[in-house]
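Participant: Provide a 3D model corresponding to the input given below.
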Amino acid sequence: MKKIIVSIAFLALVMQVSVCGTAFSSDHTPAAGERTEITAAAGTAEKADSETAADNLSDGPEVFHFDPHVHTELISEVCREEWWESFYNLCDAIRSGADTFECCEKDAYLWCTDDTTLSTFFPAACTLVKGDGYEDGVGQISYQRPKDEILARQKAFEEEIERMINEAVRPDYTDFEKCLALFDYISSNFTYDDAPVDGQGIDEFSNYACLMSKKGICCEIAGSYTYLLLQCGIEAADMSGEGMAGAHDWTYIVIDGKGYHADVTWTLHGDFPDDPCSLVYFLQTDDERAADGFEKDSFKPDLICYWKNDYDRTVFAAEDNRYRALHEDGWTILLDMNTDRKVIRYKNINDEVLEFRYE
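Facilitator: This is a model prediction of the structure:
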């Protein structure tokens, strides 16, 4: 079910400015979460010199390999641990073209073969592989297209996921660095899809379609970001909320045991890939997300609420303020990331170039 929203994007940015009033010498090392002013001169949006050139977000050897067994502990309320093993059995069966898979119980079988589960954790199979019955620990599956076509589709999908992640991240990146690198990658390479929803099939509208075509609406963009994060081993889940413009989807992320909201849809500039990435909607708190025009009480994790309405909301709290400096000027754009110094260089609305130490 497609949630339609007219993206407010940068028109919704809060224009209240808070300017850093302390200048630091070049040898100052900021504390974690601290931002420092580098220069107030205009026109300093160029990338870092040779010191950080090797740290470009798209550099690095291709060492990432597709993981068919992604999962998240965030949905443990609806998915018991043993269900994951059954789901992995299903994924392996699909990848080999098998007609059955071992499954621990009937409820697990229903969860594993549901289109919502497949769309989130095994996107290329969504709607094309259906449950066909369960008995004595074995789930039956049926293919809605010729097997060779589905196998080729899955292979192409896996290759594309590998390509994207290897282009965006390095294996030695921290969770924060992976989150930012993928956020920047989607911002630069994906576009918002203004095409009418009615009549679109799974090849035009789905997480799979968005990841392959690099275009979609909020729920597809959020789902794509969530999936790439899961591939990198980061806890993430799709979130939704009600705001002034209606329903909207984004991603909930856990870094170092703390939860945050990240709305990559509102940063898309794929039609202008050389434009910088906005940091305003990256790793927000509940209060900051609410300030964007969303009702706090409407925040909900899609994959849990699809199965149950009564859940532990504290699991999806976002109260840590360590990244507030990246948002408080109402307009901030990423310049570069130095993973040796653990520093982001960015620019605020006053054209000041600042540094933020993230670890």
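Participant: in the stretch 101-250 of the chain, which segments are predicted with low confidence?
Facilitator: Low-confidence segments of the stretch 101-250 of the chain, defined by pLDDT under 70: 196-199.
Participant: Helices of that one, residue ranges please.
Facilitator: Under the criterion DSSP state H, counting those that start in this stretch, helices of the stretch 101-250 of the chain are mapped to 106-112, 115-121, 147-168, 175-189, 207-213, 218-231.
Participant: deepest of those helices, which one?
Facilitator: Comparing these by mean neighbour count (mean count of other CB atoms under 10 Å), helix 218-231 comes out on top with a mean of 26. Yep, even glycine has a C-beta here, placed from its N, CA and C like the rest.
Participant: Determine the set of other helices and strands touching that one.
Facilitator: Other helices and strands packing on helix 218-231, by 3 or more CB pairs under 8 Å, 6 or more residues apart in numbering; DSSP states H and E, are helix 115-121, helix 147-168, helix 175-189, helix 207-213, strand 236-243, strand 246-255.
Participant: For the most centrally placed residue in the chain, give its distance to residue 187.
Facilitator: Centroid-nearest residue in the chain: residue 225, 2.5 Å away (criterion: CA atoms, centre = their mean). Going from residue 225 to residue 187 by CB to CB, to the nearest Å gives 10 Å.
Participant: hey, what's in contact with both of those two?
Facilitator: Residues touching both residue 225 and residue 187 (CB atoms under 8 Å, 6 or more residues apart in numbering): residue 264.
Participant: can I see the domain layout of the chain?
Facilitator: Domains of the chain are assigned by automatic domain parsing as 9-64+169-357, 73-150.
Participant: Could you give the bridge partners of residue 354?
Facilitator: For residue 354, the beta-bridge partners are residue 37, residue 346 (DSSP bridges).
Participant: what's around it, how many residues?
Facilitator: 24 (other CB atoms under 10 Å).
Participant: close enough to count as contact, the residue nearest to the centre of the chain and residue 261?
Facilitator: No: proximity of residue 225 to residue 261 does not meet the contact threshold set by CB atoms under 8 Å, at 11.6 Å.
Participant: anything in contact with each of those two?
Facilitator: Listed as contacting both residue 225 and residue 261 by CB under 8 Å, 6+ apart are residue 251.
Participant: Most distant residue from the centre of this protein?
Facilitator: Residue of the chain lying farthest from the centroid, by CA atoms, centre = their mean: residue 136 (37.5 Å).
Participant: State the distance from that residue to residue 232.
Facilitator: Distance, residue 136 to residue 232, by CB to CB: 37 Å.
Participant: Surely residue 77 is within a helix?
Facilitator: No: secondary structure of residue 77 (DSSP: H, G, I helix; E, B strand; the rest coil): coil, not part of a helix.
Participant: number of nearby residues for the residue nearest to it when sequence neighbours are not counted?
Facilitator: Spatial nearest neighbour of residue 77, excluding adjacent residues (CB to CB, 6 or more residues apart in numbering): residue 311 at 5.3 Å. By other CB under 10 Å, the residues close to residue 311 number 16.
Participant: Who are the contact partners of residue 311?
Facilitator: Residue 311 is in contact with 77-78, 301, 304-305, counting by CB under 8 Å, 6+ apart.
Participant: May I see the ChimeraX selection of the buried members of those?
Facilitator: For the buried members of these, the matching ChimeraX selection, counting by 16 or more other CB atoms under 10 Å, is:
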select :78,301,304
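Participant: Adding pLDDT and distance to residue 237, write the contacts of residue 311 out as TSV.
Facilitator: Output for the contacts of residue 311, formatted as TSV (pLDDT from 0 to 100; distance: CB to CB, whole Å):
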residue	pLDDT	distance to residue 237
77	93	11
78	94	11
301	95	5
304	94	8
305	92	11
